[in-house]
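# Here's a sequence, model it:
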Amino acid sequence: MRYARTLALLLFAIGLAAAPHAFADDAVTAPTRHVEVEGQRIAWRRIGSGPPIVLVNRLRGTLDTWDPAFLDALARRQTVVTVDYPGVGHSEGALPTDMARVSRFIGAFTDAIGLERFAILGWSWGGLAAQAWLLDHPERVTHAVLLATNPPGQNAVPMQPIFLERAMKPVNDLADEEILFFEPASEESRRQAKASRERIHARAGVVERIPSTPEAFEPYFRAAQGFQADAENRRGRLEKVTVPVLVIAGDNDPSTAGQNWFPLIDAMRSAQFVFFSGTGHAPHHQHPETVAAYIHVFTGARTP
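The predicted model follows:
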């Protein structure tokens, strides 16, 4: 395994040197690549240059549902890797039903594309996966960005019913997204919701690949429930992590309230917390440039 990972890393580095045009694409034009991971054909994309950061996605999120403005801002100083989970979006296979297996997938995927150490960013459900990976393999994580997500175990502020009501619709319109990801009481936030949606849908076929059935939702729920039950004591282990952790949250998140981090942040060893007012479950879509800039400072990324 170590030999295979080293060989993959070497080939990845050779590819960067031999094909600088590979990073010329932006978030909208970047081609979808495929790699075999644990016998499954997995879809991924790569833009930018600089220190690598791997992005793991929210419930129902695909390669196409990240805001291109955020990805492009991040890619000015970092190599941005996005991936579809098995059985989601452009990938084949089946979505794991527990976070330990999702963590194993992250390891197998990054091995397959030749990444040894990297920053990881997890949004919402992907934030749970990022925490599992961080705790399983801290030696491979340079920095962890936990974006609009919650810590392991039971949290004081629950998910609001309106979030599940809207999130489980087969197709979400702009009005849904204002509630799910933004602050509907704010005119500015609603304006940003519209702009973000338009950027996301600049790539054709976004809706067609979003999971949309109860059967597709079930693995997400089972994995999240196991994470919250926390039989692995991830919450206690998170307090001892020395890898730098950045938590980014909005003050009006109906899904994963940022306030749930307050008891834990004080106990963690190397954590920072950024809290946006007038913002919902997608701070990076409402404030793409600002969130990317925070991440650049946090990770120490410099212009290549």
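
# Now do stretch 209-219: distance from first to last residue.
One end of stretch 209-219 to the other measures 17 Å (Cα to Cα, to the nearest Å).

# List the buried residues of it.
Neighbour-count burial for stretch 209-219, counted by 16 or more other Cβ atoms under 10 Å, picks out 209, 210, 211, 212, 217, 219. No exception for glycine: its C-beta is placed from N, CA and C like everyone else's.

# Show me those that map onto strands.
Residues of these located in strands (DSSP state E): none.

# what about the strands in the stretch 51-200 of the chain?
Per DSSP state E, counting those that start in this stretch, the stretch 51-200 of the chain carries strands over the ranges 52-56, 79-83, 118-123, 141-147.

# How about the stretch 201-304 of the chain?
Under DSSP E, counting those that start in this stretch, the stretch 201-304 of the chain gives strands at 245-250, 271-276.

# most tightly surrounded among those strands?
strand 245-250 (a mean of 24; mean count of other Cβ atoms under 10 Å).

# now for that one, which elements pack on it?
Counting contacts by 3 or more Cβ pairs under 8 Å, 6 or more residues apart in numbering; DSSP states H and E, strand 245-250 packs against strand 141-147, strand 271-276, helix 283-286, helix 288-299.

# and with 10 Å instead?
Under the contact criterion of 3 or more Cβ pairs under 10 Å, 6 or more residues apart in numbering; DSSP states H and E, strand 245-250 touches strand 118-123, helix 125-136, strand 141-147, helix 262-265, strand 271-276, helix 283-286, helix 288-299.

# The strands of the stretch 51-200 of the chain into a markdown table, with extra columns for distance to residue 197?
A markdown table is the format used below for the strands of the stretch 51-200 of the chain (distance: least, Cβ to Cβ, whole Å):
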| stretch | distance to residue 197 |
| --- | --- |
| strand 52-56 | 19 |
| strand 79-83 | 18 |
| strand 118-123 | 16 |
| strand 141-147 | 19 |
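
# Wait, residue 165 touches residue 255, no?
No - counting by Cβ atoms under 10 Å, residue 165 stays clear of residue 255, with 11.7 Å between them.

# what residues do the two have in common as contacts?
Counting by Cβ atoms under 10 Å, 6 or more residues apart in numbering, the residues touching both residue 165 and residue 255 are residue 180.
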